[in-house]
Structures are given as C-alpha cells and as structure tokens.
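**Student:** Here's a sequence, model it:
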Amino acid sequence: MPKFNEMFELSVEDLAMIENSLRKSLEELSSEHRETGDAGGVEREGNIRQIHDLLGKLHNQKIFFRPKDEVYLGG
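**Tutor:** Below is the predicted model of the structure:
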C-alpha cells in the first residue's frame, strides 16, 4: 500500500498563493450560494466549511511579529 509523503517543501510565497486561491474559491462558492439560495446547498456548504477549516489551519500556523523593545500597536 502506498504511503503519503510527509515532507513538504513549500515556500512562504507558495503558501500565500494557496491561501489566495482558497479565498477566491470561497468567494465564488459563497456568491453562488447567495444567488441560488438552497440549490445544491449541502455539497456547497460542505465545500465552504472545508475551505474555512483549511484557511484556519493555515492561519494558526503563522507566526506573527510583535516587537519586543516597543509598545505593540496592533489592529
């Protein structure tokens, strides 16, 4: 039985491209959902949920910069 490759070599730019593509797909699925109402809703909602979950996983793996020597003014 084949095994999955557990070593990935993705750059920050690669991950940014993946994240942007997921956001674009999410935007398209959401607009379709608004336009058609409930037609095809279960499958589309499942896809939207999967994309949200994956975007959340990507977000949680980011390391955000906070200056140590200054007061942090963030939004």
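**Student:** and M17, how many residues sit next to it?
**Tutor:** M17 has 12 neighbours, counted by other Cβ atoms under 10 Å. Glycine gets a C-beta too; all of them are placed from N, C-alpha and C.
**Student:** quick one: what helix or strand has it in it?
**Tutor:** If you go by DSSP states H and E, M17 is part of helix 12-36.
**Student:** Next, the buried residues of that helix.
**Tutor:** Buried residues in helix 12-36, defined by neighbour count with 16 or more other Cβ atoms under 10 Å: L22, L26, H33.
**Student:** Which strands and helices lie in contact with whatever helix or strand comes next after it?
**Tutor:** Next along the chain after helix 12-36, taking DSSP H and E as the criterion, comes helix 41-60. Here helix 41-60 touches helix 12-36, going by 3 or more Cβ pairs under 8 Å, 6 or more residues apart in numbering; DSSP states H and E.
**Student:** angle of the helix it packs on against helix 41-60?
**Tutor:** Relative orientation of helix 12-36 and helix 41-60, computed by axes from the mean of the first three to the mean of the last three Cα atoms, to 10 degrees: 150 degrees.
**Student:** follow-up on the earlier one: could the buried residues of helix 12-36 be laid out in CSV, adding pLDDT?
**Tutor:** Output for the buried residues of helix 12-36, formatted as CSV (pLDDT from 0 to 100):
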residue, pLDDT
L22, 96
L26, 93
H33, 76
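**Student:** Not counting sequence-adjacent ones, nearest residue to the most centrally placed residue in the chain?
**Tutor:** A centroid search over the chain (Cα atoms, centre = their mean) returns L55, at 2.1 Å, as the residue closest to the centre. Spatial nearest neighbour of L55, excluding adjacent residues (Cβ to Cβ, 6 or more residues apart in numbering): L22 at 5.6 Å.
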